[in-house]
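Student: Would you be able to build a 3D model of this:
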Amino acid sequence: MNKALQIHPDISALPLFRNAVVTIGTFDGVHTGHKQIIKQLKEEAKHINGETVIVTFSPHPRKIVNPGATIELLNTPEEKAALLAAEGIDHLVIVPFTKTFAEQPASEYITVFLQGRLHPRTVIIGYDHRFGKNREGNYLMLEAFSARCGFEVKEIPEKVLLETAVSSTRIRKAIAGGDIATANALLGYDYFFEGTVVDGNKLGRTLGYPTANIQPSDPEKLIPGFGIYTVEVEVKGKRYGGMMSIGTRPTIDDSKTRTIEVNIFDFTDDIYGEPIKVYIKAYLRPELKFDGLDALKDQLALDKEDSLRILRK
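Tutor: Take a look at the predicted model:
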């Protein structure tokens, strides 16, 4: 049985890890590519009776290096921690990423941060890993410092690194474009997001398909593109099937602002203000403008049939 993941948000108060096997990265998505790196990390730790340590950053480094950049994350920090815990990682070190941290000399990054804070026995890193001011530090520099700093450097295979980078890019594009089948296959789990149920116009109730309007919890979390989806939702500790619409409701009011609405099957509870978690199972169709509410209602009946068939699988 795996020990519980220990999360360390204060790098000035880290414990002394046992034969720490360390890797560094954003690990956004904790997808199938990342799991190859995690496998290598765990195998090395087992070999030397060590502990696995993943170092990641908050906020995302791109926000500090390029303040105007739009960030669309596959995971919130809490989601990432839960996914890494499920993979059996021992420690997650969350480094506050600041301009000062980004601009420290590469040699200082190695001696003060890496050696001084983490005391690694082994560092597993990609050949393309860059660090320190002007990104002057690299894999060769780590190797050059390793003997005097008392750690070994091991390389993540180029093939794994390439797959990981390609996966992250493809997953984001797939989710944004509604290609949920590709996204879920690359993630190794159903893509999900969390939010709060907020007040809506309650028109769905008059159509026979009451919906929960969702306000996502984290504005940086990537939300799928416009369309109709088959979903499962977790609310009040239970999981239900349903269908979700993301878009501007062109048949009803063409609101110009995005709405996220879920019709939860076989569910009648009042859940305004409740937290809700949505797992996206499949993309059904694009958002369409119908010729009146009767036509929309007929289509919703077909969407529900399709969703129930998908959920039964």
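Student: Other residues contacting stretch 152-161?
Tutor: 23, 33, 36-37, 40, 44, 121-128, 139, 142-143, 146 (CB atoms under 8 Å, 6 or more residues apart in numbering). In this view, the C-beta of every residue, glycine as well, is placed from N, C-alpha and C.
Student: How about stretch 45-56?
Tutor: Here stretch 45-56 has contacts from 17-27, 38, 41-42, 44, 80, 84, 88-95, 118, 120-122, using CB under 8 Å, 6+ apart.
Student: which parts of it are buried?
Tutor: Residues of stretch 45-56 classed as buried: Ala45, Gly50, Glu51, Thr52, Val53, Ile54, Val55, Thr56 (neighbour count, 16 or more other CB atoms under 10 Å).
Student: so how many other residues sit close to Phe27?
Tutor: Applying other CB atoms under 10 Å, we find 25 residues neighbouring Phe27.
Student: helix/strand/coil for it?
Tutor: Secondary structure state of Phe27, per DSSP: H, G, I helix; E, B strand; the rest coil, is coil.
Student: which phi and psi does it have?
Tutor: phi 50, psi 40 (degrees, to the nearest 10).
Student: Same check on the one 5 residues further on?
Tutor: Dihedral angles phi and psi of Thr32 (degrees, to the nearest 10) take the values phi -60, psi -30.
Student: Isn't Leu5 up against Leu92?
Tutor: Yes - counting by CB atoms under 8 Å, Leu92 is a contact partner of Leu5 at 5.9 Å.
Student: what do those two both touch?
Tutor: Ala81, Leu84.
Student: Quick one: mean pLDDT for the host helix or strand of Val55?
Tutor: In the assignment (DSSP states H and E), Val55 maps to strand 52-58. Averaging the model's pLDDT scores along strand 52-58 yields 95.
Student: now stretch 158-177
Tutor: Here the average pLDDT along stretch 158-177 is 86.
Student: Just the buried positions in it, please.
Tutor: Buried-residue list, stretch 158-177, by 16+ other CB under 10 Å: Val160, Leu161, Glu163, Thr164, Ser167, Ser168, Arg170, Ile171, Arg172, Ala174, Ile175.
Student: picking that back up, can you tell me which two in the buried residues of stretch 45-56 are farthest apart?
Tutor: Using CB to CB, those span at most 18.9 Å, a distance reached by Gly50 and Thr56.
Student: Contact partners for Asn184?
Tutor: Asp190, Tyr191, Ile280, Lys281.
Student: Mind doing that once more with 6 Å?
Tutor: Asp190 (CB atoms under 6 Å, 6 or more residues apart in numbering).
Student: In a helix, it, correct?
Tutor: Yes - counting by three-state DSSP, Asn184 falls inside a helix.
Student: Start the count at 25 instead of 1 going forward.
Tutor: Sure, I'll start counting at 25 from here, so that last one is Asn208.
Student: Thr135 versus that one, what's the distance?
Tutor: For Asn208, the distance to Thr135 (CB to CB, to the nearest Å) stands at 43 Å.
Student: cool, and Asp290?
Tutor: 60 Å.
Student: and if you look at Glu256?
Tutor: 49 Å.
Student: do Ile204 as well
Tutor: Relative to Thr135, and taking CB to CB, Ile204 is found at 46 Å.
Student: Just want to know which of the two has more residues nearby.
Tutor: More crowded of Ile204 and Thr135, by other CB under 10 Å: Ile204, with 24 against 14.
Student: Can you tell me the closest non-neighbouring residue to Tyr264?
Tutor: Nearest non-adjacent residue to Tyr264, counting by CB to CB, 6 or more residues apart in numbering: Ile288, 5.0 Å away.
Student: Then Ile88?
Tutor: Nearest one to Ile88, counting by CB to CB, 6+ apart, is Phe121 at 5.5 Å.
Student: Which residues lie in contact with Arg115 in this structure?
Tutor: To be clear, residue 115 is His; Arg isn't right here. Gln30, Val77.
Student: ugh, wrong one, I meant Asn43
Tutor: Ile72, Gly74, Arg145.
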